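Enquirer: Generate coordinates for the sequence data below:
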Amino acid sequence: TALLGPLLQDPGTGPVQIELLCYLIKDNSLEPDMQVQMLGQVVELAWREETFLVLQALLERQHVIERW
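Expert: Numbering: from 1, shown residues only. I've put the predicted structure just below:
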């Protein structure tokens, strides 16, 4: 999550980066523990459209909700 937090905080992050991040979440490319950590970071961010997309992808993962 050391790279993902700054990516989400960067105002220059565009739709391609967000789409890739959501794909990694949905494709189970990220370890479940990393997804839980990412959820903790996402809820602390300023709310932008990109933040909601990542939050939605994370919340669709049942194990993330159970571990959070």
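Enquirer: what residues are up against Val54?
Expert: Applying Cβ atoms under 8 Å, 6 or more residues apart in numbering to Val54 gives the contacts 8, 18, 21-22, 25, 38, 42. (Each C-beta comes from the backbone N, C-alpha and C, glycine too.)
Enquirer: would you list those in TSV and tack on distance to Gln56?
Expert: TSV is the format used below for those (distance: Cβ to Cβ, whole Å):
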residue	distance to Gln56
Leu8	13
Ile18	11
Leu21	12
Cys22	8
Ile25	10
Met38	13
Val42	10
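Enquirer: Farthest pair within those?
Expert: Ile18 and Met38 (12.8 Å; Cβ to Cβ).
Enquirer: Neighbour count for the two, which is higher?
Expert: A count of neighbours by other Cβ atoms under 10 Å puts Met38 above the other of Ile18 and Met38, at 23 against 20.
Enquirer: What score does the more buried one have for pLDDT?
Expert: According to the predicted model, the pLDDT of Met38 comes to 83.
Enquirer: Could you do Val16 as well?
Expert: Looking at Val16, its pLDDT stands at 90.
Enquirer: Next, count neighbours for it.
Expert: By other Cβ under 10 Å, 8 other residues sit near Val16.
Enquirer: Show me what counts as buried in the helix or strand where it lies.
Expert: In this assignment (DSSP states H and E), Val16 forms part of helix 15-26. Going by neighbour count (16 or more other Cβ atoms under 10 Å), the buried part of helix 15-26 is 18, 21-22, 24-25.
Enquirer: For stretch 4-15, what is the distance to the chain centroid?
Expert: 10 Å (Cα atoms, centre = their mean, to the nearest Å).
Enquirer: Enumerate the positions of that stretch that are buried.
Expert: Burial within stretch 4-15, assessed by neighbour count using 16+ other Cβ under 10 Å, is assigned to 4-5, 7-8, 13.
Enquirer: Out of those residues, which two sit at the greatest distance?
Expert: Across the buried residues of stretch 4-15 (Cβ to Cβ), the longest gap, 11.3 Å, separates Gly5 and Thr13.
Enquirer: Identify the residue nearest the geometric centre of this protein.
Expert: Centroid check for the chain by Cα atoms, centre = their mean gives Val54 as the closest residue, at 4.2 Å.
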